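Visitor: what's the 3D shape of this:
(chains A and B)
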Amino acid sequence: DAKTTQPPSMDCAEGRAANLPCNHSTISGNEYVYWYRQIHSQGPQYIIHGLKNNETNEMASLIITEDRKSSTLILPHATLRDTAVYYCIVRASGGYQKVTFGTGTKLQVIP
Amino acid sequence: DAGITQSPRHKVTETGTPVTLRCHQTENHRYMYWYRQDPGHGLRLIHYSYGVKDTDKGEVSDGYSVSRSKTEDFLLTLESATSSQTSVYFCAISGGWASGREETQYFGPGTRLLVL
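Guide: Just a heads-up that it's a prediction; the model follows:
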């Protein structure tokens, strides 16, 4: 699986959009970009994933650059409940897949 | 959220005693995984299962065994618990039997284990 690089921490004002970047310059053509988050003491929570097109669901939007070497997770209106560690993961498709979490980005939403 | 439960949610035990953690899913997913999470190490895969009675080792399997006698249950056993096995244990599931293309892993709430 390709390695990812994320900033260790970010702050965001409540109600504003939170934009979390991720670099994955060694991504292969069959590898997907996944985002998870982990709120303190809870299990990792799946947010969104994509291959090359931008994706949106009820939680967030995922913007993937045309060369697929980086992506941005957007939480459109951050709330205090969005304070968590956010993990960007790149992995291929097919069958069993071990999820490898890096150190992630600690997002602090500020009132 | 995916229907995954883990039991117990918290456990304190003594060194040398056997411990079994249970993961139960209601999603009929094919793949099930056990991870442990420790400060400075992130998530590490212990064992995984790709079907009933089909299991394999992950990267940190020493001292652990698993069993899957039913689709919905995946058990993790510490044969003789040690203090180094104090950790938070997460179960995860993925994969549909029919298509085999669903890759997203969904995680359970975790079990906090303290070995004294």
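Visitor: number of nearby residues for residue 51?
Guide: Unless you meant another one, I'm taking chain A. Neighbour count for residue A:51, taken as other Cβ atoms under 10 Å in any protein chain shown: 13. In this view, the C-beta of every residue, glycine as well, is placed from N, C-alpha and C.
Visitor: if you could check chain B rather than the one you did, that'd help
Guide: Residue B:51 has 13 nearby residues by other Cβ under 10 Å.
Visitor: what values do phi and psi take at the most centrally placed residue in chain A?
Guide: In chain A, the residue lying closest to the centroid (Cα atoms, centre = their mean) is residue A:35, at 3.4 Å. As for residue A:35, its main-chain torsions (degrees, to the nearest 10) stand at phi -120, psi 130.
Visitor: is it in contact with residue A:87, as I believe?
Guide: Yes: with contact defined as Cβ atoms under 8 Å, residue A:35 reaches residue A:87; the gap is 6.9 Å.
Visitor: look up how far residue B:86 lies from the nearest residue to residue A:23 once chain neighbours are set aside.
Guide: Leaving aside its sequence neighbours, residue A:23 sits nearest to residue A:5 (Cβ to Cβ, 6 or more residues apart in numbering or on different chains; 4.3 Å). The gap separating residue A:5 from residue B:86 is 30 Å, by Cβ to Cβ, to the nearest Å.
Visitor: cool, and residue B:27?
Guide: From residue B:27 to residue B:86 the distance is 29 Å (Cβ to Cβ).
Visitor: tell me the bridge partners for residue 75.
Guide: Reading this off chain A. residue A:18 (DSSP bridges).
Visitor: meant chain B, my bad for not saying
Guide: Bridge pairing for residue B:75 - DSSP bridges - gives residue B:22, residue B:67.
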